[in-house]
Every structure is written in structure tokens, then in C-alpha cells.
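1. Build me a model from this:
(2 chains)
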Amino acid sequence: MRPLCIILATFIALIGAGKHAFAESTYMFPFTNPYEATVIEAPPEFQADISQKISQRIINLKVFPKRKIPKVFWYENGLPCSLTYQDHKAPLIFIIAGTGARYDSPKMIDLQHVFYKAGFHVVSISSPTHMDFVINASSSMVPGDLAEDAEDLYRVMRLAMKQIATQIAVTNYYLTGYSLGGIQSAFVSKLDEEQQQFKFRKVLLINPPVSLYRSVSILDRLLDDNIPGGLNNFKPWLDEVMQNLSDIYKEMGYFEFSGEYIYKVHERYPRREPFLRAIIGLSFRMSSSNMIFAADIMNGGGYITPTNAEMDYATSLTPYAMVACRTTFSDYFHQYLFPYARQYNPDLTEEQLISRLSLNFIEPYLGKADKIGILHNQDDIILDPGDIDYIRQLFGPRAQIYPSGGHCGNMNHPDVVRFMTHFFSVEGD
Amino acid sequence: MTGRIMMTTLIPMVLCAGLLLAGCSTLPRTTVETEPPLRKYEDLVDNGRIHPLEIYDPLEGLNRGTYRFNYYFDKYIFLPVVSAYDFVLPNYVEDRISNFVDNVFEFNNLLNNLLQGKLYGTGITLSRLVINSTVGIGGLWDPATSWGMHQQPEDFGQTLGHYGAGEGPYLILPILGPSNLRDTIGIAGDAASFAGVGPVAWVENNAASRSFTGVSSVDRRHRQSFRYYQSGSPFEYELVRLFYTKKRELEISR
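-> Numbering: from 1, shown residues only, chains lettered A, B, ... in the order given. All right, here's what the predicted structure looks like:
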């Protein structure tokens, strides 16, 4: 009998392993270059069909009703989040956006559709690095400290639930987030273990950094290394881009701002990796500039804006934009976030703060929290060599690693969508 | 056409707004306690070079005021009308309207392709006009695009640019949004030709022209996905200014 058991067990294990290998080997993604994967939208055959009519409304949260918002932010009036709701009792999932992204950014809209289709109510929250969040929902108004950001997010989630509690019926709570929102999900989940407000059933980290500091340093460098001379020499770079666009326009005979058009252009012209790298770097720099300006104004200035200066709708912000885009996230970390954190903890060193902003910092929790899964790509550009091995080691079978996809480039790939849906629905709710 | 609204109502509005805001400074109000920041413009920005973000904008205070006006107009008037339009009409009907509006405005594309001596563009536009007006049943459908004849958009601002006119100071127009002196003259020129020798003159029916003006304005806002402050950037004014300027350069260089 025993040999039979062993054979049977081996056979089952083999099927399991085979299934695993099968899943990874049949996964097809059109881009083998991670920068292409990150920037360029995959053609429709590599996107899950998730379009459908959804019921949605915006919840505007006044987290700190007494907070006085400076006049320069005349358009700010609370933190908007969205609720996508089922018309029956259902589980609810919170989704946290990536760096600088709003609750309704394209990736967030995709996730809303995926989870709505899977039968969830979905509450979408802007990133704590988004200007709306910094101004309206951050307690310190100095984003970047993951533990503090998690408390801010938790407060927002509780408040959102309070506002919608009478309108929807919820069975259980779930949580996910991509990129920076992914690592924040891990910290929020840990906080929830202490506070027990939601008792998240399952949490999925999508393409999170392993170390926030290392990832932002990589992204900071993408701009400076790929635009010769940096932003002070931006004009020749932009002129060249415009010249290329003009040639493309002439050759294609028309121009439209769509993923499909960009893919066509990409297919027609040889790959230019430095350009793609620069685009990612620029986009990240814009996000961090927005965050830094918001944080500095909310804290009375002194970093990139003068102190005791009143700005309003007519104030030209161009000089501050020029300074902000010459300020890296790493600059912000050393010159703003670290001095802020040290106010409350004079013995804190930069190394300690860096290590606090990482998955390693909550490793004991992540190692044993069976409800937490992670979805990542082998070629994600925000990771350093060795990070994927670390993730595999820490999460074991709870890690789903795709061979390609860059940074969040495959989030709407049919296989990935199927995995996400499956991850949250195995328990049956 | 939207240009008509501008000529009759917007120009006086700009002037009034200009008078109200003329004293606006674009510098922050400071006190004796004001201290410069740690990271200063003088230290970080190389003054010997041209920076694309710094676009000639001598009326910036006024423009920012108009930008804010447009934000509120959009929020409380334009977008509610657009969402009512969206709610009442099925997508299918909306698409027919969009095609119809585009087909009527082919007049301006045709005229400006001609003015710039662009034979290819003129030929394509003429073919589009004929095909879409006949096979496309009065312009309700756009078979020409699916046959590979893409729209050749040209306006009078582009014509002026084509012949070397500089863009002049950057302007934010009420309701119409970002522009510059050259393109504002262009809008007026297009509106005048559209009304004087174009479709409005052919129809000779004020009610029809006026309803077309209304419908086309809503249709265009409906198709424009821009929403104020969805960019998540406190520097949205600067970004729109850069994007508009570069987009126009691109359109003119074509």
C-alpha cells in the first residue's frame, strides 16, 4: 500500500508541477523587452475582455474637515474615491493605486472591471502620493513612510465604509494594490491584524517594490541617465521627439492619441530603448514633483517654495514646477522625509528609515500570513537582481511570477486577470 | 460653430475679465518673514538655456483666471449638459452626430488645405466630403476613413503658421480653452469663412445654424476626454500650456 501511496503522491506532485510549468510556458506576452512592456499597450489579443457596464458612484471624503486648504489648491475639496457596486450582497475589495495615480487611472479602471466581473463591490482609492490624498487625507502631509501611509489609508477605508454602509451589503473584505499600492497593501494588512476592522480574507500585492528606496532610485536614474544633460538640457531631447513624431505623422498620414496607434508606430520603427527609459523616468518624475509640491505647500513651504508666501489661482507656479522636476524622489527622501521622521525619533538613521520602507521590514508577518499572495514579473524594471528570488523564498507557493510583463505591463493580460480572479474567489464567499 | 459664440459673446467676456484681473500679480504675496526655500530656482535651473516649460505667457495672471472660470463653467454647465446628452442619446446616435458634425466642418479642412497649397490633403478632403455625403448618407457615416482616407485636419491657425506666423502670446480663451494669439485669429477666420461663404451661408436658415452650433459644441466636448485637475498635477496649467503648444507645432509642421 505504501509504495502505491508514494507513487500516487509523486504523480499528484508531478501533475501539480506540470500544471505550474504549463501555466508559465503557455503564457504569451508580445514584449520581451521590459521597457516596451511597461510603456506600450499590448494589442487586443493580449488583453482580457473586461469591458462591461458597471454601476459606480463617487464618494467624496472629508477626512480632516477642519483642515484649511491653501488657496493655491482652490480646486481641492475632499478626497474622491469610487465605489463600484453590485446590486446584491457581495464581498468588497479595496484597491490602492500606484505612485501618483488617482482612483480612476486607466489601471484602476481595469481592476474595477476585473473585480466587478468577479462579483465584488470595489472601492478604489488614490495613491497616498497623489496630490488629492496628500492634501486631504494624509495626517502628516509628508507621504512616503509606509507605516504612516498605511494608517492614512486605513482611516480612509473606514470612513468610506461608514459612508456607504447603508447602501451596500458586504460579506467579507479583501485588499489589493499595484506597484507602490502593492507594498502599501501589505502594510495595511498588517495594521488590520492589530485593529481588526476589516479582517481581510485575502490580500494580493501586484508588482510591489521590495525596497521602496531602491525602486525609486532606479526610477530616478531612468530620467537622468537617458536624457543627456538631464532636465537642464531637456529642449534638444524634446525637439528630437517632436521631429520623430512629425515624421511619423507625415508617414502614417494621420495622428491619434490611442494605444493602438502607439503600437502601430512601435511596430513600424525600430525599438529605441533609451527613449522608453526616458519616458518612464519622466512620468515618474512628474508624479514625484506633484507630490513634493503638495507636501511642501501643505507644510508651509521651505523646501521648494518660500515660507510665509501666499499663493492663489493667479500665482505662476512655473518656477516651482521647474525646481520640482529637478528634485528626485531620493532628494525628497534625504532632504525632507528623513528629517521629518527624525523629528519624532532623534536616533533614527537614514539606513534604518530605508530598511523600514521595505517588505523585509515586515518579513516575519509576510512569511506566515497565508492570506497574502504576490503577483510579479521576472523582468520588472523596478526590481534589482535577486529581488525575485527573495520574493519566491519569502512567499513560496503564494508567489505567482510571470516571465515577462515589465512593471505592471501585463495587468490586463487574460492569464493574469484569470489568476487575480481565481486568487480572490477560491475560498467561495 | 463654436467660433461664432466666441465672436458674439466671448470677446466682450475676455475684455471684462481682463479689466477685472488686470491688477493680478503672478508672484506669491510675501511678508517680512518670508524665507527662500532650500531648493531654489537660481541654483537648479540653468539660465543660459531655453526651457520648454517656460512658454511666452505675458498675460499669465489673466489666463489663470480664465482657466479657473473654464473649470467652473465645465463643472457646472458644460459637463452636466454633456452627461445629459450622453444619458438621453444612445451611443449609436451620438456617433452619427459626431460624423455629421465632422462632415460639415470638412469645409474648413478643405479651405485651409487649399490655402496651404496641399494638393494631397485637398484631394483627400474633397473625396471624403463627396463619399461621406453620399455613401455615408449626408455625413452620418464615415466610410472614407475605413477605406484608408483619414481626415486631413487643417484650420486657419495652421494656415497662418504654415506661412510663418509665430504663435504670439499664449492665451486661455473662455470656454474654448488653450490657444495663442495666432490660433485665436485662426478661430475667428475659420468662423468668418464658415459663416460667410461656408455651410451657414448655403443653408440660409438661422435656426438650423444655431442648433448646429449648439449640437456641435456639445458633441465636441463630449468627444474631448480632458477633465480639469484629473491630471493629478498642481502644475496642470503649465502642462496644458506645453502640450497645447507642442501639439500645434506638430500639426503645423505636417
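2. Got the domain ranges for chain A?
-> A:34-211+A:357-425, A:216-344 (automatic domain parsing).
3. Tell me which of the ones you listed is the most buried.
-> Ranked by mean neighbour count, the domains of chain A are led by domain A:34-211+A:357-425 with a mean of 20 (mean count of other C-beta atoms under 10 Å in any protein chain shown). For every residue, glycine as well, the C-beta is placed using N, CA and C.
4. thinking in terms of the whole chain, how far from its middle is that one?
-> 7 Å (C-alpha atoms, centre = their mean, to the nearest Å).
5. wait, what's in contact with residue 229?
-> Assuming you mean chain A. By C-beta atoms under 8 Å, 6 or more residues apart in numbering or on different chains, the contact set of residue A:229 is residue A:236.
6. if you could check chain B rather than the one you did, that'd help
-> So residue B:229 contacts A:75, B:71, B:236 (C-beta under 8 Å, 6+ apart).
7. Using JSON lines, please lay out those together with distance to residue B:163, pLDDT and secondary structure.
-> Shown next, in JSON lines, are these (distance: C-beta to C-beta, whole Å; pLDDT from 0 to 100; DSSP: H, G, I helix; E, B strand; the rest coil):
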{"residue": "A:75", "distance to residue B:163": "39", "pLDDT": "97", "secondary structure": "coil"}
{"residue": "B:71", "distance to residue B:163": "35", "pLDDT": "97", "secondary structure": "helix"}
{"residue": "B:236", "distance to residue B:163": "32", "pLDDT": "97", "secondary structure": "helix"}
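8. could those residues be laid out in TSV, adding distance to residue B:104?
-> Formatted as TSV, the contacts of residue B:229 follow (distance: C-beta to C-beta, whole Å):
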residue	distance to residue B:104
A:75	35
B:71	29
B:236	32
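9. Closest one of these to residue B:92?
-> residue B:71 (31.6 Å; C-beta to C-beta).
10. From chain A, how far off is that closest one?
-> 6 Å (C-beta to the nearest C-beta, to the nearest Å).
11. contacting residues around that residue?
-> A:75, B:228, B:229.
12. any chance of the residues you listed in a markdown table, plus distance to residue A:251?
-> Shown next, in a markdown table, are those (distance: C-beta to C-beta, whole Å):
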| residue | distance to residue A:251 |
| --- | --- |
| A:75 | 40 |
| B:228 | 34 |
| B:229 | 36 |
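13. And the residue positioned nearest the centre of chain B, what's its pLDDT?
-> Closest to where the C-alpha atoms of chain B average out (C-alpha atoms, centre = their mean) is residue B:176, at 5.6 Å. For residue B:176, the pLDDT comes out at 93.
14. for residue B:5, same thing?
-> Residue B:5 is given a pLDDT of 47.
15. With residue A:371 instead?
-> The score at residue A:371 is 97. That number is its pLDDT.
16. Contacts only, for the residue nearest to it when sequence neighbours are not counted.
-> The shortest distance from residue A:371 to any non-neighbouring residue, by C-beta to C-beta, 6 or more residues apart in numbering or on different chains, is to residue A:202 (4.9 Å). Contact partners of residue A:202, counting by C-beta under 8 Å, 6+ apart, are A:174, A:175, A:371, A:372, A:373, A:423, A:424, A:427.
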